[in-house]
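Student: Can you look at this prediction? I've put the sequence above it.
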Amino acid sequence: MAIIRWDPFTALSRMDTEFDELVRRTWGSTAPAGFVPAVDMVRDGADVLITLELPGVDIENEVDIEVAPRRLTISGERSTESEKTEGRVMVRELRSGSFRREFALPEHVTADDVEADYDRGMLTVRVHDVARPQPEPTKISIASSKPVESPAVESGESAPTEG
């Protein structure tokens, strides 16, 4: 009789795969439509720079940047023109379709704190004052309405005298 070890992680992995297959058979592919542009985020002092690769996108007509409370959304669509070639096979590996990227913002950031620039296929969004500098501790003086006097300690014994 062979001994078979039971591995809970293998069982969970198999259940996950079977569930994914069931969902695909029921509702179709779970792959997202469109494409997801690559993003770089870097801190520049108190600002954050978000750079997206969007070559071939009509920025003025196909891209929207929106600021809502605590959220920055960059969305749009990239379309490609198709060409027909007689007698040859053409292969294109350009991704097209709609995209949407969302970023969390601190509570104090508004639309006035966000600016965008597009140059040579790169969309750069600068969010100003994301990281507010922490103020230095300030010492607070204590005011009193009466001067505080030290009470005199008196005792019934007299102090020894020299002499």
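Tutor: Structure's in. What do you need? Numbers count the residues shown, from 1 in each chain.
Student: Going by C-alpha atoms from here, please, whenever you check contacts or count neighbours.
Tutor: Will do.
Student: how near is residue 63 to residue 17?
Tutor: For residue 63, the distance to residue 17 under the criterion CA to CA, to the nearest Å works out to 36 Å.
Student: Please apply the same query to residue 99.
Tutor: Plainly put, residue 99 is 27 Å away from residue 17 if you go by CA to CA.
Student: more crowded one of residue 63 and residue 17?
Tutor: For residue 63 versus residue 17, neighbours defined as other CA atoms under 10 Å are more numerous around residue 63 (18 against 11).
Student: For that one, list each beta-bridge partner.
Tutor: In this structure, residue 63 has beta-bridge partners residue 76, where bridges are defined by DSSP bridges.
Student: So it is in contact with residue 79, correct?
Tutor: No: using CA atoms under 8 Å, residue 63 makes no contact with residue 79, being 11.7 Å away.
Student: Could I get the pLDDT score of the closest residue to residue 64 other than its chain neighbours?
Tutor: For residue 64, the nearest residue in space outside its immediate sequence neighbours is residue 75; the separation is 5.3 Å by CA to CA, 6 or more residues apart in numbering. Here, the pLDDT recorded for residue 75 equals 94.
Student: For residue 125, name its beta-bridge partners.
Tutor: Beta-bridge partners recorded for residue 125 (DSSP bridges): residue 50, residue 116.
Student: What is the end-to-end distance of stretch 58-72?
Tutor: End-to-end span of stretch 58-72 (CA to CA): 20 Å.
Student: Now do stretch 118-133, average pLDDT.
Tutor: In this model, stretch 118-133 carries a mean pLDDT of 89.
Student: hang on, I meant stretch 145-163
Tutor: Confidence for stretch 145-163, expressed as mean pLDDT, is 62.
Student: residue contacts, residue 47?
Tutor: Contacts were defined as CA atoms under 8 Å, 6 or more residues apart in numbering; by that measure residue 47 touches 126, 127, 128, 129, 130, 131.
Student: Phi first, then psi, for the last one.
Tutor: So the one you mean is residue 131. Main-chain torsions, residue 131, degrees, to the nearest 10: phi -100, psi 90.
Student: ok, how many other residues are close to it?
Tutor: Taking other CA under 10 Å as the definition, residue 131 ends up with a neighbour count of 14.
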